[in-house]
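[1] could you look at this predicted model? Sequence included:
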Amino acid sequence: EKNGLVAFPVGNSGCQMGGWWRKEVKTVEDLQGIKIRMSGLGGQILNRVGAVSQTLAPADIYPALERGTIDAAEWIGPYDDEKLGFVEVAPYYYYPGWWESGLAFHAFINLEEWNQLPKSYQEALRVASQAVNTDVLASYDALNPAALRRLIAAGAKLRPFSKEILDRCYDVAVEVYDEISADNATFKEISGSMLDFRKEENLWWQVAEYSMDTINISTSRK
């Protein structure tokens, strides 16, 4: 509203992957000087950890990886990544994409135009947005498993980020958020609300969702 807009979530990618890497990265030391296609807050955090983030258009990522101009690139997840052929030039496929653990797509509508719509039209847009928001996440959840299998068959080497790397990036992320919050009241308000909610929600998730998922995953591996 402060910016003259109405916003509706219209989809979510779910937790994204940690990108395609030309070589393995096991420690924070391995990240030093690594050139990675990354933007936004994730890029700022990795820069402070020692990597070098770069912004590239989608069409430029593959040739940059192929030539070695960059060492790694993050995109979205198996279903979308498969289309761009990254497995051919950067075989190490890392997870999770901690910088985008649930990327929400949004539709932005001019507030003045919105206010001129009949109430029934406004409600129709709200309901349509809710439906699309659910459908997009459901589609990614349904399509990513098969795509991941195909990528592994094509030579992708699935790797988890080490605890050392994840812990260091988390600590730096907190520092970055605190610094931004000190100069940006809106960021402080929004991020503070999100983090407070996350703390409370994690209390419930570790009792129900996390424990149930752990059981399901461990038993399915037997």
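    On my side now, so go ahead. Keep in mind it's a predicted model, so treat the numbers as computed, not measured. Numbering: from 1, shown residues only.
[2] going forward, measure contacts and count neighbours with C-alpha atoms only.
    OK.
[3] confirm that S53 sits in a helix.
    No - secondary structure of S53 (DSSP: H, G, I helix; E, B strand; the rest coil): strand, not part of a helix.
[4] thought it was touching G40?
    No - using CA atoms under 8 Å, S53 makes no contact with G40, being 9.4 Å away.
[5] and those two? which has more neighbours close in?
    S53 (24 against 10; other CA atoms under 10 Å).
[6] and L103, backbone torsions?
    Main-chain dihedrals, L103, degrees, to the nearest 10: phi -70, psi 120.
[7] OK, contacts around it?
    Residues counted as contacts of L103 (CA atoms under 8 Å, 6 or more residues apart in numbering) are N12, S13, G14, C15, Q16.
[8] please repeat the previous calculation with a cut-off of 10 Å.
    For L103, the contacting residues are G11, N12, S13, G14, C15, Q16, I76, L137, by CA atoms under 10 Å, 6 or more residues apart in numbering.
[9] next: V10.
    Residues in contact with V10 (CA under 10 Å, 6+ apart) are 104-108, 126, 128-137.
[10] assign it to helix, strand or coil.
    strand.
[11] ignoring the adjacent residues along the chain, who's closest to it?
    Setting aside the residues directly before and after it, V10 is nearest to N133 in space (CA to CA, 6 or more residues apart in numbering), at 4.2 Å.
[12] one more: A104?
    Nearest one to A104, counting by CA to CA, 6+ apart, is N12 at 4.5 Å.
[13] what is the neighbour count of the one you found?
    21.
[14] what's the average pLDDT for the top helix by length along the chain?
    Using DSSP state H, we find that the single longest helix of the chain is helix 119-153. For helix 119-153, the mean pLDDT works out to 98.
[15] pretty sure the residue nearest to A104 is touching A131, no?
    No - contact criterion CA atoms under 10 Å: N12 and A131 do not qualify, at 11.8 Å.
[16] list phi and psi for A90.
    Backbone geometry at A90, expressed as degrees, to the nearest 10, gives phi -150, psi 90.
[17] which ones are touching it?
    If you count contacts by CA under 10 Å, 6+ apart, A90 has them with 19-23, 62, 65-66, 68, 71-73, 155-157.
[18] over to D80?
    D80 sits next to Y140, L143, N144, A147 when contact means CA under 10 Å, 6+ apart.
[19] wait, a strand at it?
    No - D80: not assigned to a strand; according to three-state DSSP it is helix.
[20] in this structure, which helix or strand is least confident?
    Lowest on mean pLDDT, DSSP states H and E among the helices and strands of the chain sits helix 209-220, with a mean of 92.
[21] list the buried residues of that helix.
    Judged by neighbour count (16 or more other CA atoms under 10 Å), helix 209-220 contains no buried residues.
[22] against G4, how distant is the residue nearest the centre of the chain?
    Nearest to the geometric centre of the chain sits E100, at 2.0 Å (CA atoms, centre = their mean). Distance, E100 to G4, by CA to CA, to the nearest Å: 26 Å.
[23] now A173
    Noted for A173: a distance of 30 Å to G4, by CA to CA.
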